[in-house]
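J.: Model the structure of this input:
(one chain, ligands or ions: 2)
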Amino acid sequence: MPFDEKIDLIAKLKSENPANIALQCFDPAYFQTLDSDGQRRLMACLNSGIENPDSEMGCYACQPGDYDDFRPFFAKALAARHKVPKDARHENNWSLEGVGELPDGGVLDFSAIGLPALSMRVRVGRNLADFSLPGSMTRDDRVSLEARMMDPFGKLIADPGFGGAYHSLTPGSPNEIDAAAYQKLVDDHIMFKDMSNDTYLTAAGIASDWPYGRGCYVSADRGFIVWVGEEDHLRIICMEHGTILNRVFDRLKAALDMVSGIEGLEFAMSGDYGVVTSCPTNLGTAMRASVLIQLPNLTSDGTDKRAKQIAKPLGLAVRGLGGEHTPIGADGTVDISPSARFCITEAEIIAALYKGISLLKKEEDRAS
Ligand code: ADP
Ligand code: MG
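T.: Residues are numbered from 1 along each chain as shown. Ligands and ions are numbered 1, 2, ... in the order given. The predicted model follows:
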């Protein structure tokens, strides 16, 4: 479709979809100031929101420089999504020092608030600075990126603190796993789901060429995981069943420092916006810290409706037992994480999860 027709289509969709942030922030006058390459690039970012007008965010970055290069668009979209001023700057900081309302000694222990051991997970997204973001990658790019990771993963596998193996979905890869082994990793909450079923990621180009260039590294103890080729080039993850939330957070930071010190891995960063991610909702920290927790009273109708109502004002998001867009567990287990990622520090996110869970537990007990 020629751009002038697309601009008309955006204008129509904009009036019909007030909640679609990208459509609301699109300004034809700004678009006209861009050269033809700029117009093509910005339009690519909006494709998912045009094809899925019910989107909340409605755009994905396709190149590491998109947030900076199309700042007049993205500054508005980020302000609308993250409720920050248009000139907001993001600062990364993993230190809990100075973060308010921490328990004594900064130990975030769920047993201190009467909870049993929970499955705890912290992930960060990272993208390599010298590749297009997943929305604009070719199949060759995806396979080359996976190949680039073999040396870093080899270093992790050789390190007694990590060990483990890399599992690939790329047809013909020496590390290829079969469909049953893949499904087992998905069921074990280790590997990501088939992205080609996601209409947002498909329209964005992020799910293209599935399953080429997709895979995951899993440490020997299965507590440290790196996804390759999902919504961001890499998702770096720590998981553990326990009560001390600091353990997954500290392990992730240490592992991230090690991985980012490996030669050949330069991560995309923006001077003002922090860690660059495909989805503007993740920009800044790219961090989601979650626990799986049983809330039988708040889910007694078999859905997460009530839990979501209670969680939202606490700044918490509710997902299903298998992650985003999945149903809750039969025993009322849900995935709870702070919603904020941008203009908040990593340390503040982990503290917000602890505090949010303690407040949510009170609501669960009250609902009994
Ligand atoms: P993200 O977008 O943060 O990477 P998803 O919602 O796509 O996460 O979920 C990915 C996988 O991670 C799913 O299998 C989900 O159940 C799992 N997961 C998320 N949080 C936890 C947790 N605290 N413990 C165990 N598994 C988890
Ligand atoms: Mg996700």
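J.: just so I have it, where are all the strands in the stretch 201-350 of the chain?
T.: 215-218, 224-228, 234-242, 269-270, 274-275, 287-294, 316-319, 333-338 (DSSP state E, counting those that start in this stretch).
J.: possible to save those as JSON lines with mean pLDDT?
T.: Compiled in JSON lines, the strands of the stretch 201-350 of the chain are given as follows (pLDDT from 0 to 100):
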{"stretch": "strand 215-218", "mean pLDDT": "98"}
{"stretch": "strand 224-228", "mean pLDDT": "98"}
{"stretch": "strand 234-242", "mean pLDDT": "98"}
{"stretch": "strand 269-270", "mean pLDDT": "98"}
{"stretch": "strand 274-275", "mean pLDDT": "98"}
{"stretch": "strand 287-294", "mean pLDDT": "98"}
{"stretch": "strand 316-319", "mean pLDDT": "98"}
{"stretch": "strand 333-338", "mean pLDDT": "98"}
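J.: Tabulate those strands in TSV, adding columns for mean neighbour count.
T.: The way it works is simple: take the backbone N, C-alpha and C, and place the C-beta from them, glycine included. Listed next are those as TSV, based on neighbours: other Cβ atoms under 10 Å:
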stretch	mean neighbour count
strand 215-218	24
strand 224-228	23
strand 234-242	20
strand 269-270	18
strand 274-275	23
strand 287-294	22
strand 316-319	21
strand 333-338	23
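J.: closest to residue 128 out of those?
T.: In terms of Cβ to Cβ, the element of the strands of the stretch 201-350 of the chain nearest to residue 128 is strand 234-242, at 7.7 Å.
J.: how about residue 39, what does it touch?
T.: Residue 39 makes contacts with 3, 31, as judged by Cβ atoms under 8 Å, 6 or more residues apart in numbering.
J.: Helix, strand, or coil at it?
T.: Recorded secondary structure, residue 39: helix (DSSP: H, G, I helix; E, B strand; the rest coil).
J.: Do you know the pLDDT at it?
T.: The model reports residue 39 with a pLDDT of 97.
J.: That one and residue 33, how far apart?
T.: Taken as Cβ to Cβ, to the nearest Å, the spacing of residue 39 relative to residue 33 amounts to 10 Å.
J.: what does residue 58 give?
T.: Relative to residue 33, residue 58 is positioned 21 Å away (Cβ to Cβ).
J.: of those two, who's got more company?
T.: When neighbours are counted by other Cβ atoms under 10 Å, residue 58 and residue 33 differ, and residue 58 comes out ahead with 29 against 10.
J.: Hmm, residue 14 and the more buried one touching each other?
T.: No: in this structure, residue 58 is not within contact of residue 14 by Cβ atoms under 8 Å, at 10.1 Å.
J.: Mind listing the shared neighbours of those two?
T.: Common neighbours of residue 58 and residue 14 (criterion: Cβ under 8 Å, 6+ apart): 20, 23.
J.: Not counting residues beside it along the chain, what's closest to the residue in the stretch 251-368 of the chain that ligand 1 sits nearest to?
T.: Using Cβ to the nearest ligand atom, the closest approach of the stretch 251-368 of the chain to ligand 1 is made by residue 323 at 2.4 Å. When the adjacent residues along the chain are set aside, residue 323 lies closest to residue 335, with 6.5 Å between them (Cβ to Cβ, 6 or more residues apart in numbering).
J.: Residue 327 is in contact with the one you found, correct?
T.: No: the criterion here is Cβ under 8 Å, and residue 335 misses it with residue 327 at 11.3 Å.
J.: Now the common contact residues for those two.
T.: Overlap between the contact sets of residue 335 and residue 327, as judged by Cβ under 8 Å, 6+ apart, is given by 320, 321.
J.: and the gap between residue 37 and residue 61?
T.: Relative to residue 61, residue 37 is positioned 16 Å away (criterion: Cβ to Cβ).
J.: Of those two, which one has the most company?
T.: Neighbours were tallied for residue 37 and for residue 61 using other Cβ under 10 Å; the higher tally belongs to residue 61 (30 against 8).
J.: Tell me if the more buried one really is in a helix.
T.: No: looking at residue 61 with three-state DSSP, it is coil, so not inside a helix.
J.: residues contacting it?
T.: With Cβ under 8 Å, 6+ apart as the criterion, the residues that contact residue 61 are 45, 67, 74, 133, 135, 276, 277, 278, 279, 280.
J.: How many residues are close by the fourth one?
T.: If I follow you right, that is residue 133. 27.
J.: before we move on, what about the fifth one?
T.: Residues lying near residue 135 (other Cβ under 10 Å) number 25.
J.: So it is in contact with residue 206, correct?
T.: Yes: using Cβ under 8 Å, residue 135 makes contact with residue 206 at a distance of 5.0 Å.
J.: Show me where the stretch 151-300 of the chain has its helices.
T.: Applying DSSP state H, counting those that start in this stretch to the stretch 151-300 of the chain gives helices spanning 179-187, 199-203, 245-260.
J.: on contacts alone, who are the packing partners of the shortest one?
T.: Contacts defined by 3 or more Cβ pairs under 8 Å, 6 or more residues apart in numbering; DSSP states H and E place helix 199-203 against helix 36-51.
J.: in the very next helix or strand once past the helix it packs on, what's buried?
T.: In the C-terminal direction, the helix or strand that comes right after helix 36-51 (DSSP states H and E) is helix 66-69. Within helix 66-69, the residues that qualify as buried are 66, 67, counting by 16 or more other Cβ atoms under 10 Å.
J.: Just the residues contacting helix 66-69, thanks.
T.: Identification of contacts with helix 66-69 by Cβ under 8 Å, 6+ apart yields 38, 41-42, 45, 61, 63, 74, 78, 133, 270-273, 276, 280, 283.
J.: Sweet, I'm off.
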